[in-house]
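Colleague: Could you look at this predicted model? Sequence included:
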Amino acid sequence: MDKDESARLTEFVASRTPALMRVAYLLTGDPRGAEDLLQAALAKTIAKWPTLRNADPEGYVRAVMYREQVSLWRRLRRYREILRISADEGIEPDPSSDTDIRLTMRAALRRLPPAQRTVLVLRYYEDLTEAQIADALGCSVGTVRSRTHRAIGRLRQLLPDVHRLEVMR
């Protein structure tokens with residue numbers, strides 16, 4: 001890699017890491033897992049960097065993160081292991097006025113299975129279509145729809161009072 005490519009890579013990593021870290025956190029639900037996911041995605045991107053001249057490098061990193069996360073939850077499902085984080089671990093206070101809703105939503109999202117959480121992140125945070133999500137995860141559109149439906153249903157069960165909290169504001 002020449003100097004210009006190295007400088008372009010350094011600038012990309014420095015400028016886009018915060019946004020990519022937020023996506024990784026939403027996918028994993030764990031700060032340390034998000035760091036590992038982003039690091040793995042950036043390592044794969046660096047290996048392909050010379051071929052990404054005209055392509056969107058951020059899109060490539062995001063696609064790698066999605067695939068890595070899908071691979072992780074498939075491995076976890078195969079071994080029937082469930083990673084759990086205590087409710088107090090890794091939660092930092094949020095200075096905004098919506099702290100209680102954000103913390104409640106974060107805890108509810110952590111209780112969703114990884115596949116459902118991934119579909120929700122891609123659909124509602126990344127604003128991808130069902131077809132794009134199906135392509136990114138390597139599954140059918142019907143699977144994306146059913147996971148989304150189940151995830152939203154589960155969130156409604158876990159968060160029956162969120163509407164009441166929003167009305168009180």
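Modeller: On my side now, so go ahead.
Colleague: what's the next secondary structure element after the lengthiest helix in the chain?
Modeller: Using DSSP state H, we find that the single longest helix of the chain is helix 3-28. Sequence order places helix 31-48 as the next helix or strand after helix 3-28, per DSSP states H and E.
Colleague: so where is this structure shaky, pLDDT-wise?
Modeller: Within the chain, the ranges that satisfy pLDDT under 70 run 1, 76-98, 161-169.
Colleague: Next, name the residue at the spatial heart of it.
Modeller: The centroid of the chain falls nearest to residue 27 when counting by CA atoms, centre = their mean (2.2 Å).
Colleague: So for that one, what's the nearest residue that isn't a sequence neighbour?
Modeller: residue 69 (4.7 Å; CB to CB, 6 or more residues apart in numbering). Every C-beta, even on glycine, is put in place using the N, C-alpha and C of the backbone.
Colleague: hang on, isn't the one you found packed against residue 118?
Modeller: Yes. Between residue 69 and residue 118 there is a contact under CB atoms under 8 Å: 5.9 Å.
Colleague: Pull up the overlap in contacts between these two.
Modeller: Common contact partners of residue 69 and residue 118 (CB atoms under 8 Å, 6 or more residues apart in numbering): residue 27.
Colleague: Which stretches in the protein count as helices?
Modeller: Secondary structure of the chain by DSSP H: the helices cover 3-28, 31-48, 57-79, 99-111, 114-120, 130-137, 141-158, 162-168.
Colleague: Could you say which of those is packed most deeply?
Modeller: helix 114-120 (a mean of 22; mean count of other CB atoms under 10 Å).
Colleague: packing partners for it?
Modeller: helix 3-28, helix 57-79, helix 99-111, helix 130-137, helix 141-158 (3 or more CB pairs under 8 Å, 6 or more residues apart in numbering; DSSP states H and E).
Colleague: Columns distance to residue 41 on top of those helices, output as JSON lines?
Modeller: Below are the helices and strands packed on helix 114-120 laid out as JSON lines (distance: least, CB to CB, whole Å):
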{"stretch": "helix 3-28", "distance to residue 41": "8"}
{"stretch": "helix 57-79", "distance to residue 41": "4"}
{"stretch": "helix 99-111", "distance to residue 41": "21"}
{"stretch": "helix 130-137", "distance to residue 41": "13"}
{"stretch": "helix 141-158", "distance to residue 41": "21"}
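Colleague: Quick one: closest of the ones you listed to residue 47.
Modeller: For residue 47, the closest of the helices and strands packed on helix 114-120 is helix 57-79, at 10.4 Å, according to CB to CB.
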